[in-house]
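Peer 1: pasting a predicted model and its sequence here:
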Amino acid sequence: MDLPVTSLPVPSLPVTVLRPSRQTVPVIVASPHSGREYPAEFVAAARLDSLSLRRSEDSFVDELFAAAPEHGMPLLAATFPRAFCDPNREKWELDPAMFDDELPPWVNTTSPRVGAGLGTIARVVASGETIYRHKLSFAEAERRVRCFWEPYHRTLDELIEATRREFGVCLLIDCHSMPAHGCGGRNGGGPTDFVLGDAHGTACGPRIVRMVERTLSGMGYAVRRNDPYSGGYVTRHYGRPREGVHVLQIEMARALYMDEARIKPIPRFCAVQRDLTILLAALASQAPELLGR
């Protein structure tokens, strides 16, 4: 059965920020790929049904980490879907084959993400199916970047700078989910529940990574580091430990908490949410010391 999406002409706001009454710890939680407000013109231009469009979502991730404000941390989430505009890409990663006019010379047309069809404006959904019936104009790509990508990063940058001013340091937990076919490592081994990405040790202090790994492993989850996900644009762009900004990407297996075929939570959702709330509490109590506040 086709699963409806929330279809609006333009999302009311490209981002939401759930703030604590007072931020008490130098930690920000972000969910860039859980947005599910689908602009009507995007749905009309797609050759896929709404369930297929939603394959790219990190569905419900913002809800799994909803307790962040209760622990003194702001929670940032995109309201727009990743298939429409991806904030975990460079600003201008575009596939020239998708457009009916010539792209400006400063556009990055050769990145591995573009080659895979997963640039700032994606050509395919996560399952590999082509999204659009017809080619787009560069003006449409520019509109999405200006109206969606830029507000997300402007808000994220403001949160990071405010946190660093208040506490001297900042830790960003960038939250994602991975499909069943992405849960095995490139180097073999069994299925994985969580993958922690710190850009191979360059984006986040090792003590923080060890603490998150130890907390999740202690709950019985199988945890890997950087395999097969070492961190996307957000992790690599904002992660500057020497400047006091640490970023850790967390990828969790969707099968832990949702029916991937129907994109609906399963009964175990509440247990996973409870475990992630325990992780947030651990971050609230330990991150200031581990970051060297």
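Peer 2: Cool, got the structure.

Peer 1: which residues in the stretch 51-200 of the chain form helices?
Peer 2: 61-64, 112-115, 138-144, 150-167 (DSSP state H, counting those that start in this stretch).

Peer 1: compare those helices and give me the one nearest residue 43.
Peer 2: helix 138-144 (14.3 Å; CB to CB). No exception for glycine: its C-beta is placed from N, CA and C like everyone else's.

Peer 1: contacts for that closest one, please.
Peer 2: For helix 138-144, the external contacting residues (CB atoms under 8 Å, 6 or more residues apart in numbering) are 84-85, 94, 99, 101-104, 120-121.

Peer 1: of the residues you listed, grab the buried ones for ChimeraX.
Peer 2: The buried subset of those, as determined by 16 or more other CB atoms under 10 Å, is captured in ChimeraX by this line:
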select :84,85,94,99,103,120,121
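
Peer 1: from the contacts of helix 138-144, which two are the most distant?
Peer 2: 84 and 102 (22.8 Å).

Peer 1: was I right about residue 226 contacting residue 204?
Peer 2: No - using CB atoms under 8 Å, residue 226 is not in contact with residue 204, being 10.9 Å away.

Peer 1: which residues do the two both contact?
Peer 2: With contacts taken as CB under 8 Å, 6+ apart, residue 226 and residue 204 have residue 198 as neighbours in common.

Peer 1: the two: which has the busier surroundings?
Peer 2: Using other CB atoms under 10 Å as the criterion, residue 226 and residue 204 rank with residue 204 on top: 26 against 18.

Peer 1: quick check, that one in contact with residue 250.
Peer 2: No - here residue 204 lies out of contact with residue 250, judged by CB under 8 Å, at a distance of 10.8 Å.

Peer 1: tell me which other helices or strands the longest helix seen in the chain touches.
Peer 2: What stands out as the longest helix in the chain, according to DSSP state H, is helix 269-290. Other elements packing on helix 269-290 under the criterion 3 or more CB pairs under 8 Å, 6 or more residues apart in numbering; DSSP states H and E are strand 27-31, helix 61-64, strand 170-178, helix 206-218.

Peer 1: out of the helices of the stretch 51-200 of the chain, deepest packed?
Peer 2: The highest mean neighbour count among the helices of the stretch 51-200 of the chain, using mean count of other CB atoms under 10 Å, belongs to helix 61-64: a mean of 23.

Peer 1: which other helices and strands contact that helix?
Peer 2: Helix 61-64 packs on strand 170-178, helix 269-290, going by 3+ CB pairs under 8 Å, 6+ apart.

Peer 1: between these, which one is closest to residue 73.
Peer 2: Closest approach to residue 73 among those (CB to CB): helix 269-290, 6.9 Å.

Peer 1: and the residue nearest the centre of the protein?
Peer 2: The chain has residue 32 as the residue nearest its centroid, 3.7 Å off, counting by CA atoms, centre = their mean.

Peer 1: low-confidence stretches in the stretch 151-293 of the chain?
Peer 2: Applying pLDDT under 70 to the stretch 151-293 of the chain flags the ranges 181-189, 293.

Peer 1: distance check, residue 216 against residue 86.
Peer 2: 26 Å (CB to CB, to the nearest Å).

Peer 1: neighbour count winner among the two?
Peer 2: Each of residue 216 and residue 86 has its neighbours counted (other CB under 10 Å); residue 86 has more, 27 against 22.

Peer 1: I'm done for today, thanks for sticking with me.
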